[in-house]
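K.L.:
Sharing a sequence plus its predicted fold:
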Amino acid sequence: SPSVERILSLPPETVVGMHWRKFIDEAEPFNAEAVKRFEECVTLGKEPDSFEAMVKHPNGTFMYFEFRLHPRRRSDGQLLHSDAIIKNITATKHAEEALADRLAFASLTSEISSQLIDISPEELAERLPGALAGVGQIIHVDRISVHLYNKAEQTLERSLSWNSADSPPLSEQGRMILLDSQPQYRERMKSGEPFVMESLDDLPAGLVQEGSDLAAMGSKSILAIPLRVDGEFIGQMTFATTACERSWPISLIADLRVLCDIIANALARKRKDEVLRLSEDKFSKAFHCSPDSIVIVRLRDKTILDVNSGFTELLGYDRDDVIGRTPLEIGLWSDPRERQAIVDDLVRDGKVTDREFGIVAKDGHKLRMLGASVLIDLEGELCNIAIGRDVTKQRTSEKAIKELRRFESLISKLATGFISIPAEAIDNQVMRGLAELATFLKVDHCRLCLLDPEGARFLCTLRWGKEGSAWGDPLEEVRFADYPIFAKLLTSNEPVALT
């Protein structure tokens with residue numbers, strides 16, 4: 001019939017008179033079973049039969065056909081001819097295959113999802129390649145790769161890939177994608193929109209560079225789907241064919257998006273675990289190697305969980321002296337008010353910074369500390385990590401410098417007061433100076449004694465006493481014979497201090 005030409009591209013006039021074997025050869029490739037059954041019906045006249053076969057169309061594509069063969073006999077049973085009814089079932093077959101693939105893909109996606117839940121980064125690295133291989137075989141692609149986004153460098157760096165056995169291996173050219181040089185592609189990925197290319201001829205004018213890169217890597221068709229977690233772009237997953245071009249149906253893209261979400265979340269967990277592990281390693285090194293005092297206290301019962309060597313060396317405790325006890329039990333705080341203020345701020349804000357406080361060492365001496373505290377979760381327990389630095393010497397020095405400046409200011413003031421005053425006002429000026437000096441030094445008495453002309457005694461010329469205090473020694477003079485220690489002032493020119 002004329003439809004033979006439409007179905008098999010064989011003109012009826014060429015088929016008429018053609019031997020059945022040549023007809024089969026023209027419509028190759030029949031499988032061996034199909035050829036056998038065709039021969040049995042045509043030459044042996046066996047009972048009517050029907051079977052399916054895949055046939056290569058002259059345009060190079062493969063099509064599915066259903067063959068129904070009916071032998072025709074004369075009344076005496078002799079075989080006259082056979083009728084062959086050929087039906088194109090390619091669309092039906094493709095629909096069945098697509099449905100089977102979708103069911104297989106759904107099953108695989110569910111399996112991958114269950115496999116990637118709550119596994120370690122090491123297990124994830126072991127299982128993902130196998131998962132990619134299963135996906136590639138079901139959706140009929142030659143390559144799958146996963147690139148992770150490096151925000152600092154503005155690059156996509158390949159971290160995982162799968163290659164079919166018939167496809168050439170991935171080159172180093174595609175290991176890193178420079179997003180700065182491909183602004184349109186970058187914006188497409190970051191916006192969450194997939195990149196779909198069924199043919200290099202389909203590329204928009206603005207993606208010429210991407211097209212040349214893909215051609216250099218041997219890709220015929222490509223689908224790139226952004227990997228996103230909580231709305232944040234973390235990379236892309238790429239599916240490609242190298243043997244032939246293909247289409248990317250919307251239903252397939254939707255299914256692959258689900259898979260990409262599963263893998264993106266698994267990779268995000270892996271990255272967080274790696275960052276956490278690195279952070280824990282850094283914290284451990286910082287904790288044990290820091291010269292500052294660091295203590296970890298469990299918040300619910302104020303128990304000390306750990307201290308570093310900076311704590312034990314500064315305060316003189318052994319770790320066993322403090323672990324399992326509270327700061328109050330070991331008498332760590334020197335001022336309860338400072339402690340309460342820090343605790344209140346810590347509970348309210350979750351952290352305290354640049355706070356000065358006092359603590360008591362094991363031997364009882366007091367120290368001034370400058371530190372910070374922060375609340376963190378350690379294995380499900382809310383804890384306070386407190387870091388302190390000894391600033392006792394610094395504060396003592398600052399206080400001494402401040403007192404010295406005050407003293408210098410006082411001396412300058414006193415000296416200025418004696419300039420250009422009459423002789424009769426000197427005694428009053430000296431008395432005011434003695435009063436200010438005594439107040440500054442926090443003493444109760446201050447006397448001015450002058451050496452008498454004979455050099456054997458001091459005469460107490462002027463004196464000042466704190467209001468309400470007793471004078472003690474009422475001497476008007478100090479004889480060196482009675483107090484030889486004061487005679488040193490004449491010879492050594494050094495101060496005499498009696499404690």
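P.N.:
Received the coordinates, thanks.
K.L.:
any low-confidence regions in the stretch 1-150 of the chain?
P.N.:
The stretch 1-150 of the chain contains residues with pLDDT under 70 at 26-31, 48, 57-60, 118-119, 121.
K.L.:
Let me see the ranges of the helices in it.
P.N.:
Using DSSP state H, counting those that start in this stretch, the helices of the stretch 1-150 of the chain run over 3-8, 12-15, 20-26, 32-44, 90-115, 121-139.
K.L.:
Would you format the ones you listed as CSV with mean neighbour count and distance to residue 385 included?
P.N.:
Every residue, glycine included, has its C-beta placed from N, CA and C. Putting the helices of the stretch 1-150 of the chain into CSV (neighbours: other C-beta atoms under 10 Å; distance: least, C-beta to C-beta, whole Å) gives the following:
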stretch, mean neighbour count, distance to residue 385
helix 3-8, 15, 78
helix 12-15, 12, 88
helix 20-26, 15, 82
helix 32-44, 15, 75
helix 90-115, 14, 37
helix 121-139, 17, 26
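K.L.:
Mind putting those into TSV with distance to residue 71?
P.N.:
Converted to TSV, the helices of the stretch 1-150 of the chain look like this (distance: least, C-beta to C-beta, whole Å):
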stretch	distance to residue 71
helix 3-8	20
helix 12-15	19
helix 20-26	13
helix 32-44	6
helix 90-115	27
helix 121-139	42
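K.L.:
For residue 478, which of the ones you listed is the nearest?
P.N.:
helix 121-139 (85.8 Å; C-beta to C-beta).
K.L.:
any idea which helix or strand comes after the helix or strand containing residue 370?
P.N.:
According to DSSP states H and E, residue 370 maps onto strand 366-378. Counting by DSSP H and E, the next helix or strand C-terminal to strand 366-378 is strand 381-390.
K.L.:
could I get that following strand in PDB with only the CA atoms?
P.N.:
What follows is strand 381-390, C-alpha atoms only, in PDB (Å, rounded to 0.1, in the frame of the first residue of the first chain):
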ATOM      1  CA  GLU A 381      24.400  22.200  76.100                       C
ATOM      2  CA  LEU A 382      24.300  26.000  76.400                       C
ATOM      3  CA  CYS A 383      27.700  27.000  77.600                       C
ATOM      4  CA  ASN A 384      29.700  30.100  78.400                       C
ATOM      5  CA  ILE A 385      33.200  30.500  77.000                       C
ATOM      6  CA  ALA A 386      35.000  33.200  78.900                       C
ATOM      7  CA  ILE A 387      38.400  34.500  77.800                       C
ATOM      8  CA  GLY A 388      40.400  36.800  80.100                       C
ATOM      9  CA  ARG A 389      43.800  38.500  79.900                       C
ATOM     10  CA  ASP A 390      45.800  39.600  83.000                       C
END
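K.L.:
Report the inter-axis angle for the helix or strand that it is followed by versus strand 366-378.
P.N.:
From strand 381-390 onward toward the C-terminus, using DSSP H and E, the following helix or strand is helix 392-417. Inter-element angle recorded for helix 392-417 and strand 366-378: 140 degrees (by axes from the mean of the first three to the mean of the last three C-alpha atoms, to 10 degrees).
K.L.:
centre of the chain versus helix 392-417, how much separation?
P.N.:
A distance of 52 Å separates the C-alpha centroid of helix 392-417 from that of its chain, computed with C-alpha atoms, centre = their mean, to the nearest Å.
K.L.:
Okay, buried residues for it please.
P.N.:
Within helix 392-417, the residues that count as buried by 16 or more other C-beta atoms under 10 Å are 410, 414.
K.L.:
quick one: average pLDDT of stretch 319-327?
P.N.:
Taken as a whole, stretch 319-327 has an average pLDDT of 92.
K.L.:
Which residues belonging to it are considered buried?
P.N.:
Result for stretch 319-327 [16+ other C-beta under 10 Å]: buried residues 322, 327.
K.L.:
Same question for stretch 445-452.
P.N.:
Of the residues in stretch 445-452, 446, 447, 448, 449 count as buried by neighbour count, 16+ other C-beta under 10 Å.
K.L.:
which other residues reach it?
P.N.:
For stretch 445-452, contacts defined as C-beta atoms under 8 Å, 6 or more residues apart in numbering pick out 430, 434-435, 437-438, 457-466, 469, 471-472, 477-478, 490.
K.L.:
From those residues, which land in helices?
P.N.:
Members of the contacts of stretch 445-452 lying in helices (criterion: DSSP state H): 430, 434, 435, 437, 438, 490.
K.L.:
can you pull the contacts of residue 331?
P.N.:
residue 360.
K.L.:
tell me the SS of it?
P.N.:
Recorded secondary structure, residue 331: coil (DSSP: H, G, I helix; E, B strand; the rest coil).
K.L.:
what about the residue nearest to residue 446 when sequence neighbours are not counted, neighbour count?
P.N.:
Nearest residue to residue 446 in three dimensions, chain neighbours excluded: residue 438, at 4.0 Å (C-beta to C-beta, 6 or more residues apart in numbering). Look at residue 438: counted by other C-beta atoms under 10 Å, it has 17 neighbours.
K.L.:
ok, residue 438 to residue 89 distance?
P.N.:
Residue 438 sits 118 Å away from residue 89, going by C-beta to C-beta, to the nearest Å.
K.L.:
cool, residue 390 as well?
P.N.:
For residue 390 relative to residue 89 (C-beta to C-beta), the value is 87 Å.
K.L.:
Have a look at the two and say which one is more surrounded.
P.N.:
residue 390 (20 against 15).
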